[in-house]
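Undergrad: Sequence first, predicted coordinates after that:
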Amino acid sequence: MSWFEMGPAGATRDLWVSLAGPTAPEYGVWKTPSGKPVHEVLATEGPPGVQDVEWYFMPHRDHYGKRLVDAVWHYGDGLKVYSERMCAVLESCGARLQTWPADVRFRNGSPVEGYLSVLEEVDAPGPVHSMRRGRRTGRVVISGEVREALRDAGMTGLEILEANGAFPRDDGSYSGSD
């Protein structure tokens, strides 16, 4: 089977986001009241894991792109920001995704509609899964069928590269980006 690495292309004109919220520090690690790093909890448990923290996605402070694409580049581990239409294509190919409405905002605070927070499968080489067994990274591995379905549906903002196996980060030879 052919496998491909997929992630946001991160073009300078595209919207890039990062986690934000009223209790987020300007510098350093943002922690929940119980002391856990917010980004790590989101990467493993998703939004239900941080119910005691008000958070959302805001445009990254050093990036001014605004174009809306199907895979939004963001600073963080594991939790992806994909369009609802992209998630529908992935799920139509058999992907097992956990999704939640994503609170994405423009700089002025107005909402950006149509996005989901996404966690992919981590333990089995399904049609869409983590690049590393048991841990999520900023990119995923997709099957050839998923790659074709994304192309046929006209998804935007994606970078898709050949991968050297189902879990390319497990063998230690991976030289790409997370």
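TA: Received, thanks. It should be emphasised that the depicted structure is a prediction, and the values quoted were computed from it without experimental measurement.

Undergrad: Buried residues in the longest strand seen in the chain, which are they?
TA: Looking across the chain with DSSP state E, the single longest strand is strand 135-143. For strand 135-143, burial by neighbour count (16 or more other Cβ atoms under 10 Å) applies to 136, 137, 138, 139, 140, 141, 142, 143. All C-beta atoms are positioned from the backbone trio N, CA, C, and that covers glycine.

Undergrad: and what of stretch 34-53?
TA: Within stretch 34-53, the residues scored as buried using 16+ other Cβ under 10 Å are 36, 38-44, 46-47, 49-50, 53.

Undergrad: any chance of those in CSV, with secondary structure too?
TA: Shown next, in CSV, are the buried residues of stretch 34-53 (DSSP: H, G, I helix; E, B strand; the rest coil):
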residue, secondary structure
36, coil
38, helix
39, helix
40, helix
41, helix
42, helix
43, helix
44, helix
46, coil
47, helix
49, helix
50, helix
53, coil
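
Undergrad: CSV please, covering these and showing distance to residue 166 and pLDDT.
TA: Formatted as CSV, those follow (distance: Cβ to Cβ, whole Å; pLDDT from 0 to 100):
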residue, distance to residue 166, pLDDT
36, 30, 95
38, 30, 95
39, 26, 93
40, 24, 94
41, 27, 95
42, 25, 95
43, 20, 94
44, 21, 93
46, 23, 95
47, 27, 95
49, 27, 94
50, 30, 95
53, 34, 95
